[in-house]
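sequence first, then the predicted structure:
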Amino acid sequence: MRKQGLMIMTVAALTGVLSGCGSKYQPVSIQEDVDKCGNCNMQVADNAFSTEIILKDGKTLKFDDLGCLNKWEKTNGVEQVGAEFVRDYSSKAWVPLKDATYVYDKSFKTPMGFGVESFKDKQAAEKYLSEQGKGKLMSAKDLGTHTWEKNKEQGDMKMKMDQGGSGEMKMDQGSTGGMKMDQGSTDGKKMDMKGSGQ
Amino acid sequence: MPSRIITFFIVCGILLLSPLILREEIYAKEITPLQDLQHLIQNAKPGETLHIPPGDYKGPILIDKPLQLEAAIGNVHIFNDSNEPAIQLKADHTRMNGIEIVDSIHKDESAAIVILGDYNTLDHLTVQTKSTGIQLRNANHNTIQNTSIAWLEEREDRPAKVSEKGNGIDLWESHQNKILGNQLSNLHDGIYMEKSNLNQIDRNQIVHSRYGIHCMYTDDIIVENNDGSYNVTGMMIMGAKNSRITGNTFYKQSENVNSQGLLLYDVQSSLIERNRLEGNRVGMYVEQSQNNELIHNVISQNFVGLQLKNTQKNTSKGNEFYANVIQAEAVDSQGNKLEGNYWDGFRGIDLTDTGHSSITYGINPFFQKLTEEVPAYQLFFQSPGLPFLESMFTTKQESWTKDLSPLMKPALVSGESLQSQSYITLWFGLVLMILPIITIYYLGVKRV
């Protein structure tokens, strides 16, 4: 009788352990010395911007920026993806991607400049946005329709044109590099480099 | 006799006590109050040259008008233990020369020196920092030269993690600056540039940092004659176009599993010329980059010389590959123009007497594909079985990246240096041989 009880308990415990392992993907911690981004090859820092994908075969892919994770999924598809994790901006705890709340502003600094940050709680995200005074709130669903623009555009290049009150730009001052700026270019940010720099 | 003994004891006494006396002196020096430099700056008129008297000063310092701050090198120190930057430069046309800065408090989004103005020059500074060395924010036309920046290590026994450190020189939306001849060591990224165009990075030396030079979304930059060693990656360029990377040397980037000499990711229409990539884990790694010219680079003694991934329409010409364990790997990289590179160990045949082989040099993607799927297979790097397997998987050769006309001999430039090296070895060997002969001839035979 006792033997049978022991047996049942063992089986129950084993089932518990096995099901615990099998049904759930666990986030894997970041090892800064060896982890590189599955998309852009950069070192993955153990910070709030790191994200990861656990593939169905158990392999873990780590990314330095949520935008890199998104790009990987766009390239490779999601059939093999078992789980996706992001981190809470303040506590750095791992949160399933679908449960987190996101904030975006193109001025938010993230490793690859995608400008999307993740929060465990919606309230914390809202609070962060009100502190920053900018940005928009997004749910995991909104990420699918997000444009994922890299913060690359330098629309407001502050060249301080009116410096010194003279109203002209002294591009050649102190410059032996032979750089010349093409002010007449169409978008106002593109420059034209001439000369060899030597 | 007794007087001698007394003298002996006095001398002993002085010797024993002297460390105490010396220590007393050092202690006395430490407690001298730091002088007020801000006061001197406030009293100076805009444009004035201020010769800072030798001594120790306290930070933080704010410079909000054009000034020429001159200090005798090594004699003026600024100690800053506040949360503000040691020096905040909000003026234009300011010059700082010869100041030493010790910034001992970590700041998340700030630095030892923060530059917010234009046309400033920083020359011969020494910066020790617990965060970033010099930050430029919307700052243009500045020059930073002959300056050394190093991480301020507090405890030797617990060195800071690389992600805890700050960058050496950090540019954000800052254009047309010059960073020349600086020494950067033990930092996160030596020189970090984001959204900053038309900058010139010349003759800097970066060691023991994460990435020596790291560019994110920078166009029209010139990176010339820099030198990086013992970093995780010598130079990493991501998202750049119309740039020139020439004459740089990156060697011994091999300590980390993800080390490269030079990494190009999403780089367009740039020139990569005359760089020397030696003894790295991967010499040059190129991914998702188009329309670049890779010419006359010398890639030697790396585990993998050149690695191409998903990269098209680049020209690789006149590069020289010596003694790399794997000379080159290429995956999904069709339509690149490889011609006239020198691959040592390649046995070509020059039928047309043009100095180029008539047999092409194909790059087998086997190992790269294998380790991409399961990185642990890197353990089999050059194990006897792998070259055998590799030689079996030679199907679809038409899709391989190929050098269509490999050079039979290396181009003259590096050939010369190798030649002179072998002469040095020859002469050194001769001297080593002759010296013992002379020694034996004159000394060895004198036997009684």
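It's in. Residues are numbered from 1 along each chain as shown, chains lettered A, B, ... in the order given.

who touches stretch B:285-292?
Contacts to stretch B:285-292, defined as C-beta atoms under 8 Å, 6 or more residues apart in numbering or on different chains, come from residues A:41, B:260, B:262-272, B:294, B:306-315. C-beta here means a position set from N, CA and C on the backbone, and glycine is covered the same way.

buried members of those into PyMOL, please.
Here is the PyMOL command that selects the buried residues among these (16 or more other C-beta atoms under 10 Å in any protein chain shown):
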select buried, (chain A and resi 41) or (chain B and resi 260+262+263+264+265+266+267+268+270+271+272+294+306+307+308+309+311+314)
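
the contacts of stretch B:285-292 in helices, which ones?
Among these, no member falls in helices (criterion: DSSP state H).

which of the contacts of stretch B:285-292 fall in strands?
Using DSSP state E, the members of these that fall in strands are B:260, B:262-268, B:271-272, B:294, B:306-309, B:315.

out of the residues you listed, which touch chain A?
When those are checked against chain A using C-beta under 8 Å from any C-beta of the partner chain, the ones in range are B:263, B:265.

which among the ones in strands among the contacts of stretch B:285-292 gets closest to A:T51?
B:Y265 (18.3 Å; C-beta to C-beta).

pLDDT wise, what is the closest one at?
Listed pLDDT for B:Y265 reads 95.

buried residues, the longest strand seen in chain A. List them.
If you go by DSSP E, chain A has its longest strand at strand A:81-87. Using 16+ other C-beta under 10 Å as the test for burial, strand A:81-87 gives A:81, A:83-87.

now do the contacts for the nearest residue to A:P27 once chain neighbours are set aside.
In space, and not counting its chain neighbours, A:P27 is closest to A:W94: 3.7 Å by C-beta to C-beta, 6 or more residues apart in numbering or on different chains. The contact partners of A:W94, by C-beta under 8 Å, 6+ apart, come to A:27, A:85-87.

low pLDDT regions in the chain?
Using chain A here. Residues of chain A that meet the criterion pLDDT under 70 lie in A:1-3, A:6, A:11-23, A:151-198.

nope, chain B
Checking chain B against pLDDT under 70 turns up B:1-3, B:8, B:10-33, B:412-421, B:445-448.

how much space separates B:K241 from chain A?
Using C-beta to the nearest C-beta, to the nearest Å, B:K241 is found at 10 Å from chain A.

what about the residue in the stretch 51-200 of chain B that chain A sits nearest to, is that helix, strand or coil?
Across the stretch 51-200 of chain B, the shortest distance to chain A (C-beta to the nearest C-beta) belongs to B:S163, at 4.3 Å. Under DSSP: H, G, I helix; E, B strand; the rest coil, B:S163 falls in the helix class.

just checking, it touches A:D33?
No: between B:S163 and A:D33 there is no contact under C-beta atoms under 8 Å: 10.3 Å.

for residue 61, give the beta-bridge partners.
Defaulting to chain A. Beta-bridge partners recorded for A:L61 (DSSP bridges): A:I53.

I was thinking of chain B, sorry if that wasn't clear
Assessed by DSSP bridges, B:I61 has beta-bridge partners B:I87.

for it, what are its contacts?
Applying C-beta under 8 Å, 6+ apart, we find B:I61 in contact with B:37-38, B:41, B:78, B:86-88.

residue contacts, the residue lying closest to B:L389 once chain neighbours are set aside?
Once flanking residues are discounted, B:L389 sits nearest to B:F366: 7.0 Å by C-beta to C-beta, 6+ apart. Neighbouring residues of B:F366 by C-beta under 8 Å, 6+ apart: B:389-390, B:393.

mind doing that once more with 10 Å?
B:F366 sits next to B:329, B:331, B:386-387, B:389-394 when contact means C-beta atoms under 10 Å, 6 or more residues apart in numbering or on different chains.

A:D64: which of the residues you listed is nearest?
Closest to A:D64, out of all of the contacts of B:F366 and judged by C-beta to C-beta, is B:V331, at 21.8 Å.
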